[in-house]
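S.K.: sequence? don't have it. structure:
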Ligand code: UTP
């Protein structure tokens with residue numbers, strides 16, 4: 001399907017990686033949470049690859065103290081490459097190449113204090129400029145051949161506006177997530193009329209929660225500029241997005257694929273098992289290990 005001319009392409013993606021990762025302490029005392037590996041690559045590389053395969057051209061990292069390793073991970077490593085090449089390890093050379101950032105495509109800015117996801121995204125305002133952009137949270141890993149952001153791009157190219165990834169959760173979990181208030185639901189996509197951050201199960205308008213993938217219009221920065229705090233006394237991205245409703249279209253996509261909340265230790269372990277089972281080298285042994 002041809003993209004209508006009024007729908008501007010999404011070329012940039014923001015990766016907020018300035019959080020403290022307290023749920024993984026002491027592992028994350030010095031090492032960034034986003035460097036924890038799922039199978040053979042760190043969380044940040046999983047989301048980088050997802051964004052790259054969805055057509056993203058510019059990668060914006062919102063970092064903070066102790067986060068430099070996240071940038072270095074995407075550097076060209078001449079010594080390592082030299083050793084691998086001299087040992088004839090073509091497969092490993094290719095693997096390492098996959099983790100390299102194209103020249104001039106990585107941009108970084110700092111979030112001096114972890115004031116919340118909304119504030120982290122606001123820090124990218126200058127780098128994003130006046131164009132639509134994606135946000136990917138490395139905590140949320142989605143196992144699917146097409147990738148979640150690419151599925152969202154398909155919806156965006158057809159309909160424009162704002163798109164979030166969503167999934168159905170048990171009602172007793174709504175207080176942990178941003179929840180959609182749904183105007184209409186066609187099964188695959190929903191039209192959103194409201195957003196609430198961490199509502200109690202009694203007041204939640206639905207059981208559809210937002211997963212950490214967003215396609216947003218730049219007008220969201222007008223609302224993030226206010227620095228208003230919300231749930232947990234943090235500057236919430238959901239609150240700024242909620243203010244765009246009525247002004248711009250908002251869609252939720254029930255994506256295909258298995259989602260893992262890798263910000264929690266249980267989700268992190270589940271993701272490692274799932275990716276391990278899918279690995280051509282160790283998959284069968286992982287299955288034996290867990291009796292599958
Ligand atoms: P989380 O809500 O999981 O927070 O952030 P956290 O600090 O990383 O982890 P816990 O809860 O203390 O264990 C989701 C994503 O948003 C980023 C985080 O780095 C993570 O990738 N983030 C969060 C920021 O960049 N800045 C913030 O102020 C908050």
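M.R.: Looks like it came in fine. In this text the structure is predicted, and so the values were computed from the model without any measurement.

S.K.: how near is the residue of the chain at minimum distance from the ligand to residue 38?
M.R.: Nearest to the ligand, among the residues of the chain, is residue 19, at 2.4 Å (CB to the nearest ligand atom). Placement of C-beta: from N, CA and C, glycine included. To residue 38, residue 19 is 17 Å away according to CB to CB, to the nearest Å.

S.K.: count of residues packed around residue 237?
M.R.: For residue 237, the neighbour count with other CB atoms under 10 Å is 30.

S.K.: and this structure, which of its residues are near the ligand?
M.R.: By the rule CB under 6 Å from any ligand atom, the part of the chain lying against the ligand is 16-23, 33-34, 62, 111, 114-117, 119-120, 137-139, 263.

S.K.: and those residues, which of them are in helices?
M.R.: 117, 119-120 (DSSP state H).

S.K.: Pipe those residues into TSV and attach neighbour count and pLDDT per row.
M.R.: What follows is these, written out as TSV (neighbours: other CB atoms under 10 Å; pLDDT from 0 to 100):
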residue	neighbour count	pLDDT
117	25	96
119	22	97
120	27	98
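
S.K.: okay but residue 221 is in contact with residue 126, surely?
M.R.: No: Residue 221 lies out of contact with residue 126 (CB atoms under 8 Å); the separation is 9.6 Å.

S.K.: More neighbours: the two, which one.
M.R.: Set side by side, residue 221 and residue 126 show more neighbours around residue 221, with 19 against 10, by other CB under 10 Å.

S.K.: show me the contacts for the one residue sitting closest to the centre of the chain.
M.R.: Taking CA atoms, centre = their mean as the criterion, residue 136 is the residue nearest the geometric centre of the chain, at 2.2 Å. The neighbourhood of residue 136, defined by CB atoms under 8 Å, 6 or more residues apart in numbering, consists of 13-15, 47, 50-51, 149, 212-213.

S.K.: For it, which non-adjacent residue is spatially closest?
M.R.: Distances taken as CB to CB, 6 or more residues apart in numbering put residue 47 closest to residue 136, at 4.4 Å, once the chain neighbours are dropped.

S.K.: Point me to the helix or strand that includes the one you found.
M.R.: helix 43-53 (DSSP states H and E).

S.K.: Give me the distance between the residue nearest to the centre of the chain and residue 81.
M.R.: According to CB to CB, residue 136 stands 27 Å off from residue 81.

S.K.: likewise residue 159?
M.R.: From residue 159 to residue 81 the distance is 43 Å (CB to CB).

S.K.: for residue 116, same thing?
M.R.: For residue 116, the distance to residue 81 - CB to CB - is 39 Å.

S.K.: For the two, indicate the residue with more neighbours.
M.R.: The residue with more neighbours, out of residue 116 and residue 81, is residue 116; 23 against 16, by other CB under 10 Å.

S.K.: My read is that the more buried one contacts residue 239, right?
M.R.: No: the pair residue 116 and residue 239 does not pass the contact test of CB under 8 Å, sitting 9.4 Å apart.

S.K.: So what pairs up with the residue nearest to the centre of the chain in the strands?
M.R.: Under DSSP bridges, the beta-bridge partners of residue 136 are residue 213.

S.K.: roughly how far apart are it and residue 225?
M.R.: Plainly put, residue 136 is 22 Å away from residue 225 if you go by CB to CB.

S.K.: quick one: residue 194 and residue 205 touch, right?
M.R.: Yes: using CB under 8 Å, residue 194 is in contact with residue 205, at 6.1 Å.

S.K.: what about residue 204, which helix or strand?
M.R.: Going by DSSP H and E, residue 204 is not part of any helix or strand.

S.K.: Before I go, just wanted to say thanks for your time.
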